[in-house]
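Visitor: Could you look at this predicted model? Sequence included:
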Amino acid sequence: MQLAKQNFYWWNYWMAGALLILLLIVTPLLTIFFKIFEPPGSSWAHLAETLLFGYFKNTVLILLGVAFSTFLLGVSTAWLVTNYSFPGRKYFEWLLILPLGFPGYIMAYTYVGLLDYTGPIQSFLRNSLDITITGSLLDIMNLPGAIFILSITLFPYVFLLARASFLQQSKTLQEASALLGKGNWHTFFKVALPMARPAIVGGIALASMEVLNDYGTVKYFGVQTFTTGIFRAWFSMGDAATAIYLAAILMIIVFIILYLESLQRGNRRFSQGSGTSKPLVRLTLTGTAKWAVSLFCGLLFLISFFVPFLQIVQWAMLTYAKVVDNNFILLVVRSFGLAAGTGVIVALFSVVLLYSLRLSPFKWLKNITKISTLGYAIPGAVIAVGIMIPLLGFDHWYMDRFTGRNVGLILSGTLMALVFAYLVRFMAVGYNPIDAGFQKIGIHVNEASRLLGRGTCKTLWRVDLPMIKTSVFSGILLVFVDVLKELPLTLILRPFNYQTLATKAFDMATNEMIAESANASLIIILTGIIPIIFLNRLIRRKVF
């Protein structure tokens, strides 16, 4: 009897809040799932016959190209900075993370400007060396160019996770390999790489999710993918049903990637006994080798961050006088406010979900709560379509039921719809740091507070939150940065004539105002660097 009463109590408002949040987050996925059983749109037959294969081919080629490139760049640099001492090593271990702060669409038009006829490279060749090249120095506005741009912005995902895994491997393993007569290359391929495989594949999976979410780069380069197809079906053709079919195919690709990542990981465990482990000792490179490694890491840093960042800074200095005005300041305030507000909401919802887990005796709640983090794997265009359909349906229902006339958009086309989409997309970003904070403090302090007569709300406010405030702030910060960079969701769901820094930069670049777009881009990049500093500190402390 007492147990039944206790279960009823825990089912009360915390459980109800958690289930309501989960229902909101899965709404876009459920919408697309049920809509694919309806008849296709009028444009579907034509699109399936003429464009669908091209969407599929380009999407798969970009995925494979980026996966291969990020593997090579990320794993090689992670192994070098972790296991060898060479000039600049301690700087490269954080400099090579900086490209994560560079959104792909900004990197795309920056490189186009760098290689253009009027760009700094060709201007130097003409003015200093009297070398004239007709047109662009190198045409990258194509599929290989898109692979290149996305690879140099996304390889830090693999670098981060691979480096964290290599740091956790002990010197004992290397010594055992050496005693068996194996060299450094054999140790890397037969010992270190297999142990780091789950982390590496996880990094490649994250990069692949970003590739599928990308719209700005492929749109600017004229490469047709499923994401651009969703935009075309929705905006150009006005065919929501066709957009849903394309979104469903893109979701299938996402789930295949997630399944393959889970399948390769399986039940494998790569570990060593902590009692016999020794810390890694870096080997000191000498002669030509040390400078070759420094040159390799330095060139990668120059290509992936330093050169395009300098170009952005130069453009901003040349154009800020005519771009930075009261409207631009209002744009910055609006973007920061939207990002900060979304971060707070995500943190609040994450706390509710995780606190309900601490209080509830139901084991199944822990499993279904993980659904809340699924949105980060779903491309923004898919989430936007899955949210717009039910919101439009609600608007039409409300007008028919209560007004009988067109009163405009009530939910769809408003900031509420945009924040809702951000919540679905970035819930995992805020959820994971807060979850780590709750796990770190354990459950005993919470139980002690309630045994002393404190209620659940007061215990959360007076005990738990003060102890996890750093984790909550980290979650808000990470969501803030991701919202500031987000492009596909904002382009589809933003209110009419509403701009953020990301959409402003993209719109100006696509209208051949690349230099002017640098001011908004510079703010996005500088803001994106902030969490990178925290990431590097976490790795150094071996928190991962």
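Guide: Right, received. Where do you want to start? Small disclaimer: the values here were computed from a predicted structure and weren't measured.

Visitor: And the strands in the stretch 51-200 of the chain, which stretches?
Guide: Secondary structure of the stretch 51-200 of the chain (DSSP state E, counting those that start in this stretch): strands at 84-85.

Visitor: Any regions of it where pLDDT drops low?
Guide: For the stretch 51-200 of the chain, applying pLDDT under 70 flags the ranges 134-137, 169-186.

Visitor: Go again with 80.
Guide: 117-138, 167-193, 195-196 (pLDDT under 80).

Visitor: how about the nearest residue to the residue most central in space within the chain, chain neighbours excluded?
Guide: Residue closest to the average C-alpha location in the chain (CA atoms, centre = their mean): Glu210, at 5.8 Å. Counting by CB to CB, 6 or more residues apart in numbering, Glu210 lies nearest to Leu154, which is 5.6 Å off, once chain neighbours are set aside. C-betas here are computed from N, CA, C, even on glycine.

Visitor: Looks like the one you found contacts Ala207 (just checking).
Guide: Yes - between Leu154 and Ala207 a contact is recorded at 4.1 Å, counting by CB atoms under 8 Å.

Visitor: Quick check: neighbours shared by those two?
Guide: Taking CB atoms under 8 Å, 6 or more residues apart in numbering as the criterion, Leu154 and Ala207 both touch 66, 70.

Visitor: Who has more neighbours out of those two?
Guide: Leu154 (30 against 24; other CB atoms under 10 Å).

Visitor: what's near enough to touch the more buried one?
Guide: For Leu154, the contact set (CB under 8 Å, 6+ apart) comprises 66, 70, 99-100, 104, 206-207, 210-211.

Visitor: How about Tyr111?
Guide: 140, 145, 149, 308.

Visitor: Take those and keep only those in helices.
Guide: 145, 149, 308 (DSSP state H).

Visitor: any idea which of these is the one closest to Phe420?
Guide: Nearest to Phe420 among the ones in helices among the contacts of Tyr111 is Ile149, at 30.2 Å by CB to CB.

Visitor: Can you get me a residue count around the closest one?
Guide: 29.

Visitor: how near is it to Ser69?
Guide: To Ser69, Ile149 is 11 Å away according to CB to CB, to the nearest Å.

Visitor: With Phe33 instead?
Guide: 33 Å.

Visitor: Between those two, which is the more surrounded one?
Guide: Between Phe33 and Ser69, counting by other CB under 10 Å, Ser69 is the more crowded of the two (19 against 14).

Visitor: so Ser412 sits right up against Tyr398, yeah?
Guide: No - the pair Ser412 / Tyr398 is not scored as a contact, 10.9 Å apart, by CB under 8 Å.

Visitor: which one of the two has more residues nearby?
Guide: Between Ser412 and Tyr398, counting by other CB under 10 Å, Ser412 is the more crowded of the two (20 against 13).

Visitor: Okay, and the nearest residue in space to that one that is not next to it in sequence sits in which element?
Guide: Leaving aside its chain neighbours, Ser412 sits nearest to Leu391 (3.9 Å; criterion: CB to CB, 6+ apart). Element membership for Leu391, per DSSP states H and E: helix 380-398.

Visitor: helix or strand right after that helix?
Guide: Using DSSP H and E, the first helix or strand after helix 380-398 is helix 415-441.

Visitor: Could you give me the buried positions within that next one?
Guide: By neighbour count on 16 or more other CB atoms under 10 Å, the buried set for helix 415-441 is 417-435, 437-438.

Visitor: Equivalent analysis for stretch 50-60, please.
Guide: Applying 16+ other CB under 10 Å to stretch 50-60 flags 51-52, 55, 58-59 as buried.

Visitor: Dump these to TSV, plus distance to Gly238.
Guide: Below are the buried residues of stretch 50-60 laid out as TSV (distance: CB to CB, whole Å):
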residue	distance to Gly238
Leu51	16
Leu52	19
Tyr55	19
Asn58	24
Thr59	23
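
Visitor: out of the residues you listed, who's nearest Ile133?
Guide: Nearest to Ile133 among the buried residues of stretch 50-60, with distances taken as CB to CB, is Asn58, at 28.4 Å.

Visitor: wait, the closest one sits on Gln224?
Guide: Yes - assessed by CB under 8 Å, Asn58 is found in contact with Gln224 at 5.7 Å.

Visitor: what's the overlap in contacts for these two?
Guide: In contact with both Asn58 and Gln224: Val218, using CB under 8 Å, 6+ apart.

Visitor: which ones are touching Ser294?
Guide: Ser294 makes contacts with 86-88, as judged by CB under 8 Å, 6+ apart.

Visitor: in which helix or strand would I find it?
Guide: With elements taken from DSSP H and E, the one containing Ser294 is helix 287-301.

Visitor: avg pLDDT for that helix?
Guide: Across helix 287-301, the average pLDDT comes to 94.

Visitor: what does stretch 474-492 give?
Guide: Mean predicted lDDT for stretch 474-492 stands at 88.

Visitor: ditto for stretch 238-251
Guide: 85.

Visitor: May I see the buried residues of that stretch?
Guide: Per 16+ other CB under 10 Å, stretch 238-251 contains these buried residues: 239-251.
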